[in-house]
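[1] Got a sequence here, can you model it:
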Amino acid sequence: MAWEWMIENFPPLSAADKAWRDSLPLIKIERFSSELLTSDDAEGYSINDYWWVLRYLLACDLCIQRNDVVATIEIRQRLLDEWTSKDQAVLATLAVADLPRFIDACEARVETSMFILIDAKDSSMLEIDALAHFYDTLRPMGARLEAFQAENSGDLAMSGKYRELFAA
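    So this is what the prediction gives:
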């Protein structure tokens, strides 16, 4: 009876929930607090809105590397459904509709933000490290996500292709 109660009250995490939880340590911070970064870029978006979308893309990437197509699709749907501002909605839609363009814009924003923090006297090393990590992983992550988007999801689920392709 105790096990039944545990399962009923604390069901196991779905694969999408596990990927979401596992993305937390990789992103290192939830939001940027530095006053140097909180202003909008030329397009009018905050670094925190880009960061919010990147968190979802990172969770998608983890699902792809684990060869879990269903979880990848679920995370992508969450990206489109869970935004809290108009700017997040616009960036999420861009990330799903035109991923290469989003990656280019995001890479430029991350690079610019990193240089701003490096030049500042009282900048946060945690924020610089988080930006540097994403700058280094943005292109490879984008390539995996683009390859996934180009495939038929049903075929991928049966093939096991991404398990071997992205195991490293």
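[2] mind listing the helices for this structure?
    2-9, 15-27, 47-65, 69-81, 86-97, 99-119, 125-150, 153-159, 161-165 (DSSP state H).
[3] nearest to Ser33, of those helices?
    Distance to Ser33, taken as C-beta to C-beta, is lowest for helix 125-150 among those, at 7.8 Å. In short, each C-beta sits where N, CA and C put it, glycine included.
[4] now that closest one, how far from the centre of its chain.
    8 Å (C-alpha atoms, centre = their mean, to the nearest Å).
[5] Tell me what angle it forms with helix 15-27.
    140 degrees (axes from the mean of the first three to the mean of the last three C-alpha atoms, to 10 degrees).
[6] Which secondary structure elements does helix 125-150 sit against?
    Packed against helix 125-150 by the contact rule (3 or more C-beta pairs under 8 Å, 6 or more residues apart in numbering; DSSP states H and E) you find helix 15-27, helix 47-65, helix 99-119.
[7] Pick the most buried one from these.
    Ranked by mean neighbour count, the helices and strands packed on helix 125-150 are led by helix 47-65 with a mean of 23 (mean count of other C-beta atoms under 10 Å).
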